[in-house]
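1. coordinates only, sequence not included:
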DNA sequence: ACCTGAACACCGTTCAAGT
DNA sequence: ACCTGAACACCGTTCAAGT
């Protein structure tokens, strides 16, 4: 009943810690999340955080999983291919809103850990497509690999983009840089530099999804569309 | 002419710094490379290293590029599909020999930077396959996204594997963990857990490459095999 | 059981000073 | 031009002490 700040009144909990971590990551980037800033934000000591969370890696994993959970929750009905595209776009948008997510997903991938939520969500659609059970694992892995790899590549987007984006300037710069590469070493990259200008990341991302889906159809569904 | 240690006799150079960084990463992992250990190894001060290299990020990028250069150098002749597979295996083996490479590639990806060597090498094969020029960029990006995503996933391998690997134990453990997941939340992952036991990462990696190649063929080469 | 906050053992990076 | 190495401003994590 004594007047206090609202912040101090809420009890410390794992959820509240993860929530605060996500806010800090969103607001000030990966460098903005330290035990110092988190401690300050939650008005506690470092030890209090370590009581609820093993270490920073676990905290980052929890933050990633939390954001992913809400991003993948919108599981619209429809044919499997459309649902795969929906997951892909969910991922794309989540990274746009939380640029640090790309790095985190990449780091988890490079440790051999695919976020289970993504694997499960995609896997169900692979099954629904009619891929034979013996190829479920391989097929799902391939699709997830593409999704996470491509999602990572689109992270720059999210970082360089303000509300209405100066994305075009960025693409111009990359394009120009590519055009100045050594013709002897990078002929292909130079040839493709012009294509880069004004392309739509979202479209390209989906085009890649469709490419992998077409491959799955060709290799595992010879009878026709599932 | 005065007797000295061999190490001290060589002049410090960017190349020698990068070489030492790669050695440290190989020997003691990502945590093993610090400016302290590097300084000790090269018998200099920190400032000397900063004279040749802007910062740690640049050093890691240079180490990545160096290892990649030798890994992609074995550019065997043959039909484009085989050469794509060769690049894929080159990447796979490089990560096996340098586990830190997976993390580094993933980090670069999540910053929107595809290592130019990989993009160029794959792009040439995409062109050779007969993909129409308007789709070169998108197609190459998709293939590279898969390669780097999947390569990342296979990093655990390299880390947990001794000379003859206790890989099977590791797969057993993951498989068992998956089988204990909540059936309501992870039915697919549970169903696929058994498939995991005893599977071959290398084979799976290549199967994914073939999946994407099949997709490229289906979408962009309707006339037949390039 | 949960929280405090000072202390510890590190980091990457800088910079005045040397040669 | 290149190198030295102490100093700076940070980290993540621990832990004795409190409630």
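-> Yep, it's here. The structure presented is a predicted model; accordingly, all values stated were derived computationally and were not measured. Numbers count the residues shown, from 1 in each chain, chains lettered A, B, ... in the order given.
2. now for the lengthiest helix in chain A, which elements pack on it?
-> Taking DSSP state H as the criterion, chain A has its longest helix at helix A:201-220. Packing contacts for helix A:201-220, counted by 3 or more Cβ pairs under 8 Å, 6 or more residues apart in numbering or on different chains; DSSP states H and E, involve helix A:80-97, helix A:116-129, helix A:136-153, helix B:136-153, helix B:201-220. All C-beta spots, glycine's among them, are computed from the backbone N, C-alpha and C.
3. quick one: the spatially closest residue to residue A:211 that is not a sequence neighbour and residue A:114, what's the gap?
-> Distances taken as Cβ to Cβ, 6 or more residues apart in numbering or on different chains put residue B:215 closest to residue A:211, at 4.1 Å, once the chain neighbours are dropped. Using Cβ to Cβ, to the nearest Å, residue B:215 is found at 21 Å from residue A:114.
4. more neighbours, those two?
-> Between residue B:215 and residue A:114, residue B:215 has the larger neighbour count (other Cβ atoms under 10 Å in any protein chain shown), namely 28 against 23.
5. does the more buried one really touch residue A:220, like I thought?
-> No: when contacts are counted by Cβ atoms under 8 Å, residue B:215 is not listed as touching residue A:220 (11.5 Å).
6. Could you dump the helices and strands packed on helix A:201-220 into CSV and include distance to DNA strand C?
-> Output for the helices and strands packed on helix A:201-220, formatted as CSV (distance: least, Cβ to the nearest atom of the strand, whole Å):
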stretch, distance to DNA strand C
helix A:80-97, 25
helix A:116-129, 26
helix A:136-153, 22
helix B:136-153, 22
helix B:201-220, 30
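7. need the next SSE after the helix or strand bottoming out on mean pLDDT in chain A, C-terminal direction.
-> Taking mean pLDDT, DSSP states H and E as the measure, chain A has helix A:6-9 as its least confident helix or strand, at a mean of 44. Moving toward the C-terminus from helix A:6-9, the next helix or strand (DSSP states H and E) is helix A:14-28.
8. For the next helix or strand after that following helix, list every residue counted as buried.
-> Per DSSP H and E, the first helix or strand lying C-terminal to helix A:14-28 is helix A:35-42. By neighbour count on 16 or more other Cβ atoms under 10 Å in any protein chain shown, the buried set for helix A:35-42 is A:37-39, A:41-42.
9. what angle separates helix A:35-42 from helix A:14-28?
-> 110 degrees (axes from the mean of the first three to the mean of the last three Cα atoms, to 10 degrees).
10. And for helix A:35-42, what's in contact with it?
-> A:7, A:12, A:16-17, A:20-21, A:23-24, A:28, A:45-46, A:48-49, A:56 (Cβ atoms under 8 Å, 6 or more residues apart in numbering or on different chains).
11. Check these against DNA strand C and report the nearest one.
-> Distance ranking of the contacts of helix A:35-42 against DNA strand C, using Cβ to the nearest atom of the strand, places residue A:45 first at 2.3 Å.
12. re earlier: how near is the residue nearest to residue A:211 to residue B:187?
-> Look at residue B:215 and residue B:187: by Cβ to Cβ, they are 27 Å apart.
13. do the same with residue A:119
-> Distance from residue A:119 to residue B:187, counting by Cβ to Cβ: 12 Å.
14. same check, this time on residue A:77
-> For residue A:77, the distance to residue B:187 - Cβ to Cβ - is 17 Å.
15. out of these two, which sits in the more crowded spot?
-> More crowded of residue A:77 and residue B:187, by other Cβ under 10 Å: residue B:187, with 15 against 7.
16. Contact partners for that one?
-> If you count contacts by Cβ under 8 Å, 6+ apart, residue B:187 has them with A:120, A:124.
17. got a pLDDT number for it?
-> If you check residue B:187, the pLDDT there is 96.
18. Surely residue A:220 touches residue A:131?
-> Yes: using Cβ under 8 Å, residue A:220 is in contact with residue A:131, at 4.6 Å.
19. residues shared between the contacts of those two?
-> residue A:139.
20. Could you tell me which residues of chain A lie near DNA strand D?
-> A:33-37, A:45-47, A:50, A:55-57 (Cβ under 7 Å from any atom of the strand).
21. Would you list the buried entries among those residues?
-> Buried subset of the residues of chain A next to DNA strand D (neighbour count, 16+ other Cβ under 10 Å): A:33, A:37.
22. follow-up on the earlier one: give me the mean pLDDT for the longest helix of chain A.
-> 96.
23. Distance from it to the middle of the chain?
-> The gap between where helix A:201-220 is centred and where its chain is centred comes out at 18 Å by Cα atoms, centre = their mean, to the nearest Å.
24. Okay, domains of chain A per the record?
-> A:1-53, A:75-220 (automatic domain parsing).
25. Where does pLDDT dip in chain A?
-> A:1-9, A:157-158, A:160-166, A:223-226 (pLDDT under 70).
26. my guess is residue A:65 contacts residue A:117, does it?
-> Yes: the criterion here is Cβ under 8 Å, and residue A:65 meets it with residue A:117 at 7.0 Å.
27. So which of the two has more stuff around it?
-> Using other Cβ under 10 Å, the more surrounded residue of residue A:65 and residue A:117 is residue A:117, with 19 against 15.
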